[in-house]
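> model this:
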Amino acid sequence: MGRILTEKDVEPAVLGGSVYAAGGGGWADHGRKLGHAAVCAGQPELIDIEELTPDEWVATAAAIGAPASTTAWEMQGIDYVKAVRMLQDELGERVSALMVGQNGKSSTLNAWLPSAILGTKVLDAVGDMRAHPTGDMGSIGMASSPEQMIQTAVGGNRAENRYIEVVVRGATAKVSPILRTASDQSGGFIASCRNPLRASYVKQNAALGGISRALKLGEAMIAAQGRGGHAVIDAIVATTGGSILIEADVTAKSVVYTAEAFDVGTVTLGSGSGAMTLHIMNEYMAVDTADGTRLATFPDVITTLSPDAEALSVGQLQIGQRVFLLHVPKTIIPLASSVKDPAVYPVVEKALGISIAEYALSK
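Next up is the predicted model:
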């Protein structure tokens with residue numbers, strides 16, 4: 001049977017999702033707002049893929065952001081609901097469940113409010129266990145598919161007349177950039193519902209159990225909070241099965257915002273022969289030692305934690321700040337088909353100037 005998500009599940013989802021955000025943005029307060037709105041509006045229900053028949057429709061609920069947008073974004077909870085309604089109208093059939101493209105500070109909770117209001121179940125599956133820079137990386141194998149997909153986007157700054165509703169059909173790779181443009185025009189952050197697929201396909205291609213893993217991690221973090229930051233970090237390591245690669249100060253940061261709406265660059269932790277370099281494309285994509293030895297690579301979970309065990313996004317890092325670097329290898333997390341797809345890596349490798357695919361695609 002499914003699990004009704006309640007008030008006590010909101011903070012674990014936000015905290016666990018923040019660790020799996022892997023240095024990515026998103027807003028913890030937006031996640032809390034979505035979660036609290038959902039549990040007040042109804043009874044969002046988390047279900048396992050086995051609770052759906054093979055032919056039932058599953059779509060992806062997502063928030064699309066141009067992270068460095070300087071305009072005032074506005075996205076209301078009702079926008080997530082409207083995006084699902086518009087997709088159902090275009091599909092002409094009911095969507096049974098919603099999954100999310102990735103875990104994150106708010107994205108772990110993206111499907112909760114439509115579940116409470118429309119009755120679509122929250123599927124315990126994600127397009128990627130951790131956050132990633134491109135939509136293709138969470139598209140569960142649809143990135144290079146010629147199949148026509150439906151994608152919708154809703155939201156925008158009402159006061160600036162930026163509110164937008166978009167419905168598009170086409171191959172995923174061709175229509176996804178349209179939604180990113182809509183996000184930018186809306187003020188930088190927009191709700192979307194996209195890629196309705198049969199449950200049988202999702203079962204074979206998504207990272208199953210991704211939401212419950214985030215909840216379990218958040219619950220362990222909360223249980224350790226009374227014993228201080230180090231106890232919470234220990235709980236994160238124990239629950240994820242990961243390890244701390246280094247505890248050090250941020251000694252250098254060089255991150256720039258590109259024309260393609262990505263934050264790209266590096267952050268250095270520590271100094272001399274013991275230093276480590278984090279390669280960034282919105283999220284942490286790789287870690288190298290001072291002599292160039294690769295220690296961690298996407299789709300591994302790579303996360304910076306403050307001494308108080310707050311998961312820090314790239315934008316929060318400042319020179320002189322003390323951080324712990326968490327690494328959870330890909331071998332112990334569920335992997336979706338999209339992170340095993342060679343087609344998703346060239347754009348990231350070109351932006352970063354390093355190899356990702358040979359590590360990501362190795363057994």
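
> Which neighbouring elements make contact with the lowest-mean-pLDDT helix or strand in the chain?
Taking mean pLDDT, DSSP states H and E as the measure, helix 172-186 is the helix or strand of the chain with the lowest mean score, a mean of 89. Helices and strands touching helix 172-186, by 3 or more CB pairs under 8 Å, 6 or more residues apart in numbering; DSSP states H and E, are strand 57-65, strand 148-155, strand 164-171, strand 189-198. For glycine as for every other residue, the C-beta is placed from the backbone atoms N, C-alpha and C.

> Indicate which one of those is closest to residue 129.
Between residue 129 and the helices and strands packed on helix 172-186, the shortest separation by CB to CB is 14.8 Å, and it involves strand 57-65.

> for the helix or strand following the closest one, which positions count as buried?
Taking DSSP states H and E as the definition, the helix or strand that follows strand 57-65 towards the C-terminus is helix 77-91. By neighbour count, with 16 or more other CB atoms under 10 Å as the criterion, the buried positions of helix 77-91 are 77-88, 90.

> Format those residues as CSV; extra columns: pLDDT and distance to residue 329.
Shown next, in CSV, are the buried residues of helix 77-91 (pLDDT from 0 to 100; distance: CB to CB, whole Å):
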residue, pLDDT, distance to residue 329
77, 87, 36
78, 92, 40
79, 95, 36
80, 94, 33
81, 96, 37
82, 98, 39
83, 98, 35
84, 98, 35
85, 98, 40
86, 98, 39
87, 98, 35
88, 98, 39
90, 98, 40
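
> so which pair among those is furthest apart in space?
77 and 90 (21.4 Å).

> if we can go back for a sec, which residues are contacting the least confident helix or strand of the chain?
With contact meaning CB atoms under 8 Å, 6 or more residues apart in numbering, helix 172-186 is reached by 64-66, 69, 73, 135-136, 139, 142-145, 147, 149, 151, 153, 155-157, 162-164, 166, 168-169, 189-190, 192, 194-195, 261.

> again, only this time at 6 Å
64, 66, 135, 139, 142-143, 149, 151, 153, 155-156, 162, 164, 166, 168, 190, 192 (CB atoms under 6 Å, 6 or more residues apart in numbering).

> just the angle between that helix and helix 77-91, please?
Between the axis of helix 172-186 and that of helix 77-91 there is an angle of 140 degrees, by axes from the mean of the first three to the mean of the last three CA atoms, to 10 degrees.

> Just the angle for helix 172-186 relative to strand 148-155, thanks.
Taking the same axes, to 10 degrees, helix 172-186 and strand 148-155 form an angle of 10 degrees between their directions.
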